[in-house]
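# kindly return the folded structure for what I paste below:
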Amino acid sequence: MSAIEELKGAGKKEAFHRAAESNTHAFSFAVPDIEAPSGRINCSLAKTDSCSATILVIRKGYKTPHHYHPNQEGIWLVLKGCVRFYSGEYDNPSGEFGPLEGILQPENSRYWFETAGDEEAWLLQIAGYPKGKDKARRIAVDKDRAPSEGGVRADMAIRAAQ
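So this is what the prediction gives:
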């Protein structure tokens with residue numbers, strides 16, 4: 001039995017809230033000064049077992065593989081540049097999105113995206129994991145047409161000293 005489970009009444013409620021609040025943290029985004037051989041940097045802003053927020057810095061010419069995610073829903077918002085999304089079949093464009101435009105990709109929907117235009121793009125991804133992040137997967141749809149894979153990772157979280 002955990003220490004919180006042993007408590008009763010107001011003490012238990014206070015311990016419950018303090019435990020949750022101990023994981024609160026701020027974040028700040030700046031493009032990291034690191035090499036990105038694939039053309040993509042995944043800048044992790046925040047994450048829990050049920051959701052995450054990441055900014056992808058994607059260089060001109062970057063393309064994701066055609067894939068889908070069991071147990072992951074994604075909301076994508078372009079912050080800078082232009083990104084073209086494709087849904088379902090490989091050559092089925094969903095749209096081209098500029099700053100403050102985006103798309104929702106439901107769990108198990110096939111998709112891929114690429115930069116469009118002459119500059120790098122910044123793409124905010126908010127992902128939800130209905131059964132927990134550890135059960136999320138990335139499944140390739142067409143391994144013969146798989147362009148650039150994922151990217152290097154950078155943690156943008158600002159955590160208080162413990």
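# and L123, that one's in a strand?
Yes. L123 sits within a strand when classified using DSSP: H, G, I helix; E, B strand; the rest coil.
# OK, contacts around the residue nearest to it when sequence neighbours are not counted?
Excluding its sequence neighbours, the residue lying closest to L123 (C-beta to C-beta, 6 or more residues apart in numbering) is L56, at 4.5 Å. C-beta: built from backbone N, CA, C; applies to glycine. Counting by C-beta atoms under 8 Å, 6 or more residues apart in numbering, L56 makes contact with 40-43, 121-125, 151.
# state the pLDDT value of L56.
What the model reports for L56 is a pLDDT of 97.
# which residues does it bridge with?
Beta-bridge pairing for L56 (DSSP bridges): N42, L123.
# ok, now how distant is it from V141?
The gap separating L56 from V141 is 20 Å, by C-beta to C-beta, to the nearest Å.
# before we move on, the earlier item: among the contacts of L56, which one sits closest to S50?
Here the nearest of these to S50, counting by C-beta to C-beta, is Q125; it sits at 14.9 Å.
# neighbours around the closest one, how many?
Neighbourhood size, Q125 [other C-beta atoms under 10 Å]: 17.
# and the gap between it and F27?
For Q125, the distance to F27 - C-beta to C-beta - is 14 Å.
# so which elements touch the longest helix along the chain?
Counting by DSSP state H, the longest helix found in the chain is helix 9-21. Counting by 3 or more C-beta pairs under 8 Å, 6 or more residues apart in numbering; DSSP states H and E, the packing neighbours recorded for helix 9-21 are helix 3-6.
# go with 6 Å
Contact here means 3 or more C-beta pairs under 6 Å, 6 or more residues apart in numbering; DSSP states H and E; on that basis helix 9-21 packs against no helix or strand.
# mind listing what's buried in it?
Within helix 9-21, the residues scored as buried using 16 or more other C-beta atoms under 10 Å are A15.
# now that helix: mean pLDDT?
86.
# tell me which stretches of this protein form strands.
Per DSSP state E, the chain carries strands over the ranges 26-27, 40-47, 51-58, 67-68, 73-80, 83-87, 93-97, 102-105, 111-115, 121-128, 139-140, 152-155, 157-158.
# will you turn those into CSV that also has distance to H17?
As requested, those are arranged in CSV below (distance: least, C-beta to C-beta, whole Å):
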stretch, distance to H17
strand 26-27, 19
strand 40-47, 19
strand 51-58, 19
strand 67-68, 37
strand 73-80, 28
strand 83-87, 39
strand 93-97, 39
strand 102-105, 32
strand 111-115, 38
strand 121-128, 23
strand 139-140, 38
strand 152-155, 26
strand 157-158, 21
